[in-house]
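Participant: the following block contains a protein sequence and its predicted model.
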Amino acid sequence: MAEQTDSEPIGEQQGCIELIRCVAATNEKQKDPTYIPKLEINSKALEIISERFESPISIIAYVGALGVGKSKLASLTVETLHITSFDPPLRLFRSGAGSTGVTHGVWMWSEPLQHPEENQTGSILVLDCEGMGDLDQNTGTNLYVFCMIMSTVFAVVLRPSRVDSSLCERLYNALHRFRDMHAPYVLPSLCLVAMDMPSFIRNDPTIGDVIISKNDWLEDIFTNTSSTLSEQENNIIRARYDYIRGLLPDIDAVNIDYLPRPLMNNNDKLDIHTELRKDAHQEFYASLKTAVKRMLSNGGKRLPGSRHSSLFIRPAELAALMSDLIDVLNENKMPNADALITRYLLTRFDKEIVEQHVAEFELNLLVYARDTLGDTMRKRNKPETPDQIKATNNQMKDKRDSLTTEYLGMMIGLARYQIYGFDEKLSNSYANVIDQEKALQELPRAIQLKIEDIEKQMNGYQNPELCIRTIRANLSIEDLHRQQAEQQKLLEETKKKIESKRDLIKREQRINCSLALAKPVRIGLAPCAYCGRSGGAIYYTHWKRYCSSGRTGNYYHYNREDGRM
């Protein structure tokens, strides 16, 4: 990763700091046709963006030819957005004559600026790009490409107010890099900033300057040719004008009044904030505020590749994207950021949509298996029959298919609405496979492949089926334990019956033995007091207290013939 460090602590207010440095090539490398100019990004600047700024972030990138006043305008923009002045003043963007007044690479304002409209949230980042003219074509084009991809408004500063052949060529070369890119909604709004122009005017050879509308002025700008060029050269310029307007159809323009002389001072100690607000500079300050508000009207920076108005890039994402984009620009003379842009959109899709919905899918499917099907199986209190197993498996499959289709439809709908902005509102119409396939065809190929991977992941989630198998195994084990318990109970009962039978036999043996040894006595019973009939007789053997066996209890001998005792 091409990064450089800054020794200044991140907590200190620094004013402008370097964001991108152009690595100087040796003479030998410059002669090498395969050499790719290198850019380095300041890791401290990325840290500031990641930690200090808040989303949505509006990014104004000032570009233009060398010496047109980009850095001065960047400083004026910063002080316009500041509510109060700093004492002492912070380091402003470098401007003025000489090498010390020339911006090298891309510089940024390290402090998050606030919107002039109180109801607007987020932060504003101001970038000042090196003036085109003293850089080689590849390096200059790479800086333009970086600013185009990263900004919300690509502000081309014009002084004088015309897009001449050299500026047209630089814009064309930068935009030509996007020819092979297929990711949509990457380019920012192009805004032409006409300096030293109180109104949009057209120079009439007869009557002089004539005030015209902004649209007429833009038409003049992009049809301007030069009498000093050949017809062929003018045709090339016209073709490039058409290319620029075709690739950037919504071109805007702002005009700023003449810069007051006191503000032309490039002294670092100049209090621009106070000077701007002096009564003598009211007209200039009013035109500047109007221009800045106009450039901020595009809203915050969206994640490149998405047209959804609220899919704002987050500060950490912005810092990471800047760093990754520099790596892409350093790799190839004709870099293509498609893969990079797609990766960030996929990451957002994965983090915000896929993870949550796949987790919900897995939970709902597991709950259905464990509670709905599991309770039914457990209520039977015995293992399933083959027919019941088949029915349970079919129910599980139907539920899986239903939930898979439902959640894939939700994720496709959210990708179209929330990530790529293809749908104006969240649609519930992707509830079947046919509608889902049609909706997927309009999404980028990377999302189509991602959805395929998600479906494989969902199909590979087998915990619900494992839960069903576990319940079946437990039911079989419980049934086996129940059978074993019943068998044990039956065995115990059988043992008791056998023991009882054995005891009865032993009793009979002891009784028979006692009867054999005893001397029974016949005892007569008294006759009936009413009828006088004889009461019969019983045989008494002996009292148990006199029994020589010493046993206690009642022992009877049953007459096997008539059952009498």
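Facilitator: Now that the structure is in, tell me what you want to look at. Numbers count the residues shown, from 1 in each chain.

Participant: apart from its chain neighbours, what residue comes closest to residue 251?
Facilitator: Spatial nearest neighbour of residue 251, excluding adjacent residues (CB to CB, 6 or more residues apart in numbering): residue 190 at 4.8 Å. (Each C-beta comes from the backbone N, C-alpha and C, glycine too.)

Participant: touching, that neighbour and residue 154? I think so.
Facilitator: Yes - the criterion here is CB atoms under 8 Å, and residue 190 meets it with residue 154 at 5.2 Å.

Participant: which one of these two has more residues nearby?
Facilitator: Set residue 190 next to residue 154 and count neighbours by other CB atoms under 10 Å: residue 154 wins out with 28 against 22.

Participant: give the helix, strand or coil label for the more buried one.
Facilitator: The three-state assignment at residue 154 reads strand, by DSSP: H, G, I helix; E, B strand; the rest coil.

Participant: looking at it, it is touching residue 189, isn't it?
Facilitator: Yes - Residue 154 lies in contact with residue 189 (CB under 8 Å); the separation is 7.0 Å.

Participant: what's the domain layout of the protein?
Facilitator: 3-7+14-336, 347-470 (automatic domain parsing).

Participant: out of those domains, which one sits most buried?
Facilitator: Of the domains of the chain, the one with the most neighbours on average (mean count of other CB atoms under 10 Å) is domain 3-7+14-336, at a mean of 17.

Participant: now that domain: average pLDDT?
Facilitator: Regarding domain 3-7+14-336, the rounded mean pLDDT is 86.

Participant: what about that domain, distance to the chain center?
Facilitator: In terms of CA atoms, centre = their mean, to the nearest Å, the centre of domain 3-7+14-336 is found 30 Å from the chain centre.

Participant: and whichever strand or helix holds residue 71, what does it pack onto?
Facilitator: Assigned by DSSP states H and E, residue 71 belongs to helix 70-81. Contact here means 3 or more CB pairs under 8 Å, 6 or more residues apart in numbering; DSSP states H and E; on that basis helix 70-81 packs against strand 57-64, strand 106-109, strand 123-129, helix 272-276, helix 282-295.

Participant: residues in contact with it: which ones?
Facilitator: Under the criterion CB atoms under 8 Å, 6 or more residues apart in numbering, residues 16, 60, 62-64, 85, 92-95, 101, 103, 107, 109, 113-116, 124, 126-129, 131, 157, 193, 195, 256, 259, 263, 266, 272-273, 276, 285, 288-289, 292 lie in contact with helix 70-81.

Participant: swap the cut-off to 6 Å and go again
Facilitator: Contacts to helix 70-81, defined as CB atoms under 6 Å, 6 or more residues apart in numbering, come from residues 62, 64, 92-95, 103, 109, 113, 126, 128, 157, 272-273, 276, 288-289, 292.

Participant: what distance separates the start and the end of stretch 342-357?
Facilitator: 21 Å (CA to CA, to the nearest Å).

Participant: what's the mean pLDDT across stretch 529-538?
Facilitator: Stretch 529-538 comes out at a mean pLDDT of 68.

Participant: and after the helix or strand hosting residue 402, which helix or strand comes next?
Facilitator: Using DSSP H and E, residue 402 falls within helix 386-414. Downstream of helix 386-414, the first helix or strand assigned by DSSP H and E is helix 433-441.

Participant: elements contacting that following helix?
Facilitator: helix 386-414 (3 or more CB pairs under 6 Å, 6 or more residues apart in numbering; DSSP states H and E).

Participant: same for the helix it packs on, what does it pack against?
Facilitator: So helix 386-414, by 3+ CB pairs under 6 Å, 6+ apart, packs with helix 355-367, helix 433-441.

Participant: off-centre distance for the helix or strand just after the first one?
Facilitator: The helix or strand immediately downstream of helix 355-367 is helix 374-380, counting by DSSP H and E. Mean-position distance between helix 374-380 and its chain equals 40 Å (CA atoms, centre = their mean).

Participant: looking at the helices and strands packed on helix 70-81, which is closest to residue 492?
Facilitator: strand 57-64 (81.0 Å; CB to CB).

Participant: format the CA atom coordinates belonging to the closest one as CSV.
Facilitator: Extracted in CSV, the C-alpha atoms of strand 57-64 (Å, rounded to 0.1, in the frame of the first residue of the first chain):
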residue,chain,number,x,y,z
ILE,A,57,-19.5,13.4,3.8
SER,A,58,-19.7,16.1,1.1
ILE,A,59,-16.4,16.3,-0.8
ILE,A,60,-15.4,19.3,-2.9
ALA,A,61,-12.4,18.7,-5.1
TYR,A,62,-10.9,21.8,-6.7
VAL,A,63,-9.0,21.1,-9.9
GLY,A,64,-7.9,23.2,-12.9
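
Participant: who does that strand pair up with?
Facilitator: Paired with strand 57-64 in the same sheet, following DSSP bridges, are strand 123-129 (parallel), strand 153-158 (parallel).

Participant: got a list of contacts for the last one?
Facilitator: Contacts to strand 153-158, defined as CB under 6 Å, 6+ apart, come from residues 60-64, 68, 70, 73, 148, 188-194, 295, 298.

Participant: who does the lengthiest helix in the chain touch, helix- and strand-wise?
Facilitator: In the chain, assigned by DSSP state H, the helix with the most residues is helix 463-517. If you count contacts as 3+ CB pairs under 6 Å, 6+ apart, helix 463-517 packs onto helix 355-367.

Participant: packing partners of the helix it packs on?
Facilitator: Where contact means 3+ CB pairs under 6 Å, 6+ apart, helix 355-367 is packed against helix 386-414, helix 463-517.

Participant: mean pLDDT lowest where, among the ones you listed?
Facilitator: helix 463-517 - the lowest mean pLDDT of the helices and strands packed on helix 355-367, at a mean of 81.

Participant: and the gap between residue 252 and residue 192?
Facilitator: Look at residue 252 and residue 192: by CB to CB, to the nearest Å, they are 7 Å apart.

Participant: now residue 313
Facilitator: Relative to residue 192, residue 313 is positioned 25 Å away (CB to CB).

Participant: which one, of the strands paired with strand 57-64, ends up nearest to residue 369?
Facilitator: Nearest to residue 369, of all those, is strand 123-129, at 48.3 Å by CB to CB.

Participant: who touches stretch 380-389?
Facilitator: 475, 476, 479.

Participant: out of the residues you listed, which are buried?
Facilitator: The neighbour-count test (16 or more other CB atoms under 10 Å) marks residue 475 as buried among these.

Participant: so can I have JSON lines of the contacts of stretch 380-389 showing distance to residue 365?
Facilitator: Shown next, in JSON lines, are these (distance: CB to CB, whole Å):
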{"residue": "475", "distance to residue 365": "21"}
{"residue": "476", "distance to residue 365": "24"}
{"residue": "479", "distance to residue 365": "27"}
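
Participant: now, among the contacts of stretch 380-389, which is nearest to residue 430?
Facilitator: residue 475 (39.4 Å).

Participant: which residue sits closest to the closest one, ignoring its sequence neighbours?
Facilitator: The shortest distance from residue 475 to any non-neighbouring residue, by CB to CB, 6+ apart, is to residue 383 (5.1 Å).

Participant: can you check residue 428 too?
Facilitator: Leaving aside its sequence neighbours, residue 428 sits nearest to residue 413 (CB to CB, 6+ apart; 7.0 Å).

Participant: can you check residue 128 too?
Facilitator: residue 74 (4.3 Å).

Participant: quick check: closest non-adjacent residue to residue 274.
Facilitator: Excluding its sequence neighbours, the residue lying closest to residue 274 (CB to CB, 6+ apart) is residue 85, at 5.7 Å.

Participant: which SS class is that neighbour?
Facilitator: Applying three-state DSSP: residue 85 is coil.
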